[in-house]
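> sequence and predicted structure, then a few things I'm wondering about:
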Amino acid sequence: MSSSRHDHPLPSARAQEVSDGIHAYVQPDGSWWINNTGFLVGRRGVVSIDACATERRTRALREAVARVTDRPITTLVNTHYHGDHTFGNYLFPEATIVGHELARRMILAEGIPDYRAAWSAEVEWGDLEAVPPFLTFTDQITLYVDELRCEVRHPGTAAHTTNDVYVWIPERRVLFSGDLVFNGGTPFMLTGSVAGTVEVLDHVRELGAETIVPGHGEPCGPEVIDRGQDYARFVLATAEQGRAAGLTPLEAARETDLGPWAELLDPERIVGNLHRAYAELDGLPRGGQIDVVAAVMDMIAYNGGQPLTCLA
């Protein structure tokens with residue numbers, strides 16, 4: 001089983017203006033640790049949405065912003081705690097870092113975690129330093145870029161993680177979804193909730209976004225929401241069948257035909273997702289503590305015993 005389907009070399013990251021003054025920073029191919037970010041340019045400064053996983057990629061993001069504007073980055077919003085979105089926080093010393101209260105707690109608890117070793121050894125992470133948000137919230141806040149209203153909201157339940165937030169710009173119908181939405185990659189719910197993802201994507205659909213900048217993959221329209229929700233339902237159904245048959249999550253994954261989901265990047269995520277779905281079927285609350293290391297080791301086993309592919 002191959003971890004990901006890559007063409008070498010990957011295309012360069014790019015800044016793409018999706019609405020006047022609103023830019024997506026798109027990092028192909030959106031597989032493990034290769035996320036999207038974004039930034040909004042105002043008269044007094046820049047609001048950045050997420051950092052990157054490595055020092056090199058985060059510095060490239062900052063250079064891309066500087067090619068668009070010479071205004072300072074005043075604010076950095078983290079859409080959740082995962083390192084592909086936060087490891088580069090330390091390279092924004094001038095910015096107010098904003099995120100969910102639980103994202104701060106998770107970054108302080110994990111630091112720069114050793115489980116990075118599960119991915120390809122050739123990744124050049126750089127001299128990383130764990131820096132959490134220091135302006136936090138639990139429900140929602142509003143940021144203004146000049147007169148443009150940006151609603152930064154927690155969706156109300158665990159989904160990709162317990163501390164997801166998205167940035168909704170209603171006047172432009174633009175949504176920075178974080179990892180609530182993947183485009184072309186396998187959704188990942190190991191540290192959140194599979195059932196919660198189904199629920200949250202109903203909420204995301206109701207926003208009425210016309211342009212979505214997903215956490216991974218190309219900017220897209222709202223049709224991708226349906227695909228992510230269908231995948232989460234597939235995981236739930238697979239977990240129910242596997243658990244009833246007495247199979248472990250790894251065994252259930254190996255016996256499952258991924259069907260249309262086989263074409264997505266990083267298909268081994270089915271195993272981690274099944275670990276979460278099994279735990280929920282056993283009564284674990286959404287987002288409850290799970291043995292992440294065991295799940296990652298099972299993903300490696302599903303991947304033929306090879307480290308998971310990462311080109312970050």
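Received, thanks.

> which residues in this protein form helices?
55-68, 83-86, 101-110, 194-206, 223-244, 249-254, 269-281, 292-302 (DSSP state H).

> got JSON lines for those, with distance to residue 140 too?
Bear in mind the C-beta positions are built from the backbone N, C-alpha and C, glycine included. Shown next, in JSON lines, are the helices of the chain (distance: least, Cβ to Cβ, whole Å):
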{"stretch": "helix 55-68", "distance to residue 140": "25"}
{"stretch": "helix 83-86", "distance to residue 140": "18"}
{"stretch": "helix 101-110", "distance to residue 140": "12"}
{"stretch": "helix 194-206", "distance to residue 140": "12"}
{"stretch": "helix 223-244", "distance to residue 140": "20"}
{"stretch": "helix 249-254", "distance to residue 140": "34"}
{"stretch": "helix 269-281", "distance to residue 140": "25"}
{"stretch": "helix 292-302", "distance to residue 140": "28"}
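
> nearest to residue 161, out of those?
For the helices of the chain, distance to residue 161 was read as Cβ to Cβ. The smallest value, 7.8 Å, belongs to helix 101-110.

> ok and the closest one relative to helix 292-302, angle-wise?
Interaxial angle of helix 101-110 relative to helix 292-302 (axes from the mean of the first three to the mean of the last three Cα atoms, to 10 degrees): 80 degrees.

> which strands or helices does helix 101-110 pack on?
Where contact means 3 or more Cβ pairs under 8 Å, 6 or more residues apart in numbering; DSSP states H and E, helix 101-110 is packed against strand 135-137.

> other SSEs contacting the strand it packs on?
Under the contact rule (3+ Cβ pairs under 8 Å, 6+ apart), strand 135-137 is packed against strand 96-100, helix 101-110.

> buried sites along it?
residue 136 (16 or more other Cβ atoms under 10 Å).

> what's the mean pLDDT across it?
For strand 135-137, the mean per-residue pLDDT is 98.

> and that strand, how far out from the chain's middle?
From the chain centre to the centre of strand 135-137 is a distance of 19 Å (Cα atoms, centre = their mean, to the nearest Å).

> excluding its backbone neighbours, what's nearest the most centrally placed residue in the chain?
Nearest to the geometric centre of the chain sits residue 179, at 3.0 Å (Cα atoms, centre = their mean). Leaving aside its chain neighbours, residue 179 sits nearest to residue 215 (3.6 Å; criterion: Cβ to Cβ, 6 or more residues apart in numbering).

> what residues of stretch 14-32 count as buried?
15, 18-19, 21-32.

> where does the residue nearest to residue 108 when sequence neighbours are not counted fall, phi/psi-wise?
Excluding the flanking residues, the one nearest residue 108 by Cβ to Cβ, 6+ apart is residue 132, at 5.5 Å. Dihedral pair for residue 132: phi -90, psi 170, per degrees, to the nearest 10.

> what residues does stretch 115-122 touch?
By Cβ atoms under 8 Å, 6 or more residues apart in numbering, the residues outside stretch 115-122 that reach it are 32-33, 83, 123, 125, 292-293, 296-297, 299-300, 307-311.

> can we see that at 10 Å?
3, 32-33, 53, 83, 87, 123, 125, 128, 292-293, 296-297, 299-300, 303, 306-312 (Cβ atoms under 10 Å, 6 or more residues apart in numbering).

> on that earlier part again, okay if I get the helices of the chain as JSON lines plus mean neighbour count and mean pLDDT?
Listed next are the helices of the chain as JSON lines, based on neighbours: other Cβ atoms under 10 Å; pLDDT from 0 to 100:
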{"stretch": "helix 55-68", "mean neighbour count": "17", "mean pLDDT": "98"}
{"stretch": "helix 83-86", "mean neighbour count": "26", "mean pLDDT": "98"}
{"stretch": "helix 101-110", "mean neighbour count": "18", "mean pLDDT": "98"}
{"stretch": "helix 194-206", "mean neighbour count": "20", "mean pLDDT": "98"}
{"stretch": "helix 223-244", "mean neighbour count": "18", "mean pLDDT": "98"}
{"stretch": "helix 249-254", "mean neighbour count": "21", "mean pLDDT": "98"}
{"stretch": "helix 269-281", "mean neighbour count": "25", "mean pLDDT": "98"}
{"stretch": "helix 292-302", "mean neighbour count": "18", "mean pLDDT": "97"}
